[in-house]
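> Sequence plus the predicted model coming up.
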Amino acid sequence: MAHSKPLLIQWLRTQIDSGTYPGVHWTNQQETEFCIPWKHALRQDASDTDILIFKAWAKVSGNGRIQGDASVWKRNFRSALRAKKFKMIADNKNDTANPHKVFRWPDSTSVDSAGLLSQHEPDLYESPPLHEIHVVPFLEDLYCAEESNPKEDILQRCLQEMNIGPETETQFRISVYYRGEKVSEQLVDNEAGFRLVYRPQMTEPMMDKESGLSLVSLPSPTTIRDQTQAKLTQCILDKLGEGLDLGVSGDIIYGQRRGEIKAFWSFSQFDQSGQKQEISKLQRQPLYQFRDFIQGILDFIGGKACGPCSLFLCLGEKWPDPDNRPWNKKLIMVEVVITSLEILKNLAVEGGASSLQSVELQLSLEEMVIG
């Protein structure tokens, strides 16, 4: 006989009272506010004890099927809190000595003197994780939207469901190409974003404590056989200086270069518009809004093309190329996939596949998922 899933509010109170999890404790005498350690996995002092509460909820709720993936456990736990109307009142995840968040108990739920819930918790479980069926009900609304359910309302619901806002949580899959040859691929688990740098001695991403961004080093061009190409690539890398930022601020993905070398961007490696888009050095430059992507999903439901979930960066050379030279002729190209958008896009494509009548449209959608 299958075990029923526990109710989060009752379960969480028991865990906090138990004192089992380091750093998980009440922060006021009324026991309406509590602290949860929120340490990024890339920190040098990160340990298994930092994720015990997330892992425990993954185990009892049945959302721990991806074994060992702490970022998924944390995201699911946070989604569960949000679904039950817990309110975050302090975000100190970037605190050097004690990274943590403080949450307030839902207003509609109180505790009597016996420590029991005085109001019955609704028999609703937290939303399943995004990588499984987190947004399927919202996609169904999109496909069945009627006048009584305006698309703007659905847009807002999707933004809320994906937690688009000041605490947007996503990952970035970064693929680096030297003249069309992939030389590295890394997955950055940092909702704040990352900074591309050139530090050959750095073998994996590191956290920059000042900016909160993950430092990702481009690889040395030692594997390039063509000496002229290798020399030109090395020249660009040496001038990268303090690097190139790609970060998240609210619902906006921004870019800003910090070194001497210029950088350009586009939504596609097949961009032949010839209209170069340079990333500013003076200030953060908005590149993409999550809202625009959700609107693209709505347009897709209406029969239009689905929007991009990737950004393409070109270092040291104009892009898109004014002479329409292909992307694989560029010395350094970097593809950045925003994984939360990729997941939603794939779900939208899969959800709409049965209703698509045109084989050509299906093929074009598959091509766009790649490009």
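Sure, I can see it. Numbers count the residues shown, from 1 in each chain.
> From what I see, G243 and I261 are in contact.
No - judged on Cβ atoms under 8 Å, G243 makes no contact with I261 at a distance of 9.9 Å. C-beta: built from backbone N, CA, C; applies to glycine.
> Residue ranges of each domain in the protein, please.
8-125, 172-370 (automatic domain parsing).
> ranges for the helices of the stretch 251-371 of the chain?
Using DSSP state H, counting those that start in this stretch, the helices found in the stretch 251-371 of the chain span residues 290-301, 339-352, 359-370.
> which stretches of the stretch 51-200 of the chain aren't confidently modelled?
62-69, 108-169 (pLDDT under 70).
> those strands in it, which residues are they?
87-92, 100-104, 172-178, 181-188, 193-197 (DSSP state E, counting those that start in this stretch).
> Leaving out the residues flanking it, which one is nearest to the residue nearest to the spatial centre of the chain?
For the chain, the residue sitting closest to the mean C-alpha position, by Cα atoms, centre = their mean, is T170 at 0.9 Å. Of all residues not flanking T170 in the chain, S340 sits nearest, at 3.9 Å (Cβ to Cβ, 6 or more residues apart in numbering).
> tell me the pLDDT at the one you found?
S340 is assigned a predicted lDDT (pLDDT) of 78.
> and it, how many neighbours?
S340 has 25 neighbouring residues, counting by other Cβ atoms under 10 Å.
> Isn't it up against D189?
No - counting by Cβ under 8 Å, S340 does not reach D189; the two are 11.7 Å apart.
> before we move on, back to that, how close does the residue nearest to the centre of the chain sit to S310?
Between T170 and S310 the distance is 13 Å, computed by Cβ to Cβ, to the nearest Å.
> so what sits against both of those two?
Common contacts of T170 and S310, defined by Cβ atoms under 8 Å, 6 or more residues apart in numbering, comprise I338.
> ranking the domains of the chain by burial, who's on top?
domain 172-370 (a mean of 17; mean count of other Cβ atoms under 10 Å).
> end to end, how far does stretch 33-51 reach?
Across stretch 33-51, the terminal residues are separated by 19 Å (Cα to Cα, to the nearest Å).
> Show me the contact partners of it.
16, 21-27, 53, 70-71, 73-74, 89, 92-93, 98-105, 189-190, 205-207, 214.
> Show me those residues that map onto helices.
Of the contacts of stretch 33-51, the ones assigned to helices by DSSP state H are 16, 53, 70-71, 73-74.
> Now for the closest residue to L315 other than its chain neighbours: which residues touch it?
Excluding its sequence neighbours, the residue lying closest to L315 (Cβ to Cβ, 6+ apart) is I332, at 4.2 Å. Contact partners of I332, counting by Cβ under 8 Å, 6+ apart, are 176-178, 218, 233, 236-237, 314-317.
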